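**Q** my questions concern the predicted model and sequence given below.
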Amino acid sequence: MASALVGKVSGLLFPLLTVKGKALVLIEEPEAQLHPSAQIIMALFLASLPKLCNCKVVARTYSDLLAI
């Protein structure tokens, strides 16, 4: 579980480190292949992104956990 979550988070975070100014970040199914508890952690991470990188985040998901 941890390695899948770390891979997903680093895959999202590293490109965002190069964003200059305000950006719109579109993320498709960030919960794919994550355990339900990792989906909750992913949701918390996505919620922190706007403050972290001065961006707006739009995510498309089929996960009830992520949508809540």
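**A** Yep, that arrived.
**Q** give me the contacts around the lowest-mean-pLDDT helix or strand in the chain.
**A** Ranking every helix and strand in the chain by mean pLDDT, DSSP states H and E puts helix 2-16 at the bottom, with a mean of 79. Here helix 2-16 makes contact (Cβ atoms under 8 Å, 6 or more residues apart in numbering) with 23, 25, 27, 30, 33-35, 38, 41-42, 45, 49, 52-53, 55. Backbone N, C-alpha and C define where each C-beta goes, glycine included.
**Q** got the contact list for the residue sitting nearest the centre point of the chain?
**A** Of all residues in the chain, the one closest to the mean position by Cα atoms, centre = their mean is Leu46, 4.0 Å from it. Neighbour list for Leu46: Ile27, Pro30, Val57, Ala59, Leu66 [criterion: Cβ under 8 Å, 6+ apart].
**Q** in JSON lines: those, plus secondary structure.
**A** Formatted as JSON lines, the contacts of Leu46 follow (DSSP: H, G, I helix; E, B strand; the rest coil):
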{"residue": "Ile27", "secondary structure": "strand"}
{"residue": "Pro30", "secondary structure": "coil"}
{"residue": "Val57", "secondary structure": "strand"}
{"residue": "Ala59", "secondary structure": "strand"}
{"residue": "Leu66", "secondary structure": "helix"}
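**Q** what subset of the contacts of helix 2-16 is buried?
**A** Val25, Ile27, Pro30, Leu34, Ala38, Ile41, Met42, Phe45, Leu49, Cys53 (16 or more other Cβ atoms under 10 Å).
**Q** just checking, the last one touches Val19?
**A** Yes - in terms of Cβ atoms under 8 Å, Cys53 counts as a neighbour of Val19; the distance is 5.8 Å.
**Q** shared neighbours, those two?
**A** With Cβ under 8 Å, 6+ apart, Cys53 and Val19 have common neighbours Val25.
**Q** the least confident helix or strand of the chain: how far from the chain's middle?
**A** Centroid separation between helix 2-16 and its chain, computed with Cα atoms, centre = their mean, to the nearest Å, is 8 Å.
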